[in-house]
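Chemist: Predicted model and sequence below, questions to follow.
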Amino acid sequence: MGFAMRINFVDVVCDDSLENTYVNGNKSGFSFDIRLSNYRGHFLSCIDEFKVTVDGEEFKDEDVTFGINNKEFNVHQFPHLISEFWQLIKPAHIKVNKIGGLASGKHDIKVHLMLRVPYMPLSASAEDTMYMPLDSCGEKVLSIEEN
């Protein structure tokens, strides 16, 4: 399928949200916030594709956590999260494990986020119902300023 619904209500990657994360005083990775660019929220089970790429480096699913509702989830859990609802006005907090974190300066953050819209079926066969894809991908250059 070569089409997807795209609604640009907000920037997906949130301004001023990029920061390094620390464990026991050592940089263990980085984090940033994202918003859903749509007119309504979605259950996490509707996320079909999710990838984080920073400065051209795509991170493995097992190195990325997705935080909403004061909980953190691994990308592989999405299909099972039928009761975790991502509110439209609440950003999700993304954490990425990367030893040493990110250097001070500007970084190109890309989020590949494709969902299915469960109330918009495109086919009605009982065996293989397809739903309208929703493109909520985003990209932004954010900065980290550290000593």
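Modeler: Okay, I see it.
Chemist: Look up the closest residue to Lys140, ignoring the ones flanking it.
Modeler: Val13 (3.9 Å; CB to CB, 6 or more residues apart in numbering). (C-beta placed from N, C-alpha, C; glycine too.)
Chemist: my bad, Leu113
Modeler: Leaving aside its chain neighbours, Leu113 sits nearest to Ser136 (4.4 Å; criterion: CB to CB, 6+ apart).
Chemist: what pLDDT does that neighbour get?
Modeler: Confidence at Ser136, expressed as pLDDT, is 92.
Chemist: so who does the residue nearest to Glu145 when sequence neighbours are not counted touch?
Modeler: Counting by CB to CB, 6+ apart, Ser104 is the residue found nearest to Glu145 once chain neighbours are left out, at 5.8 Å. Neighbouring residues of Ser104 by CB atoms under 8 Å, 6 or more residues apart in numbering: 144-146.
Chemist: Can you name every helix or strand that the helix or strand bottoming out on mean pLDDT in the chain contacts?
Modeler: Across the helices and strands of the chain, mean confidence by mean pLDDT, DSSP states H and E is lowest for strand 131-135: a mean of 86. Judged by 3 or more CB pairs under 8 Å, 6 or more residues apart in numbering; DSSP states H and E, the packing partners of strand 131-135 are strand 105-121.
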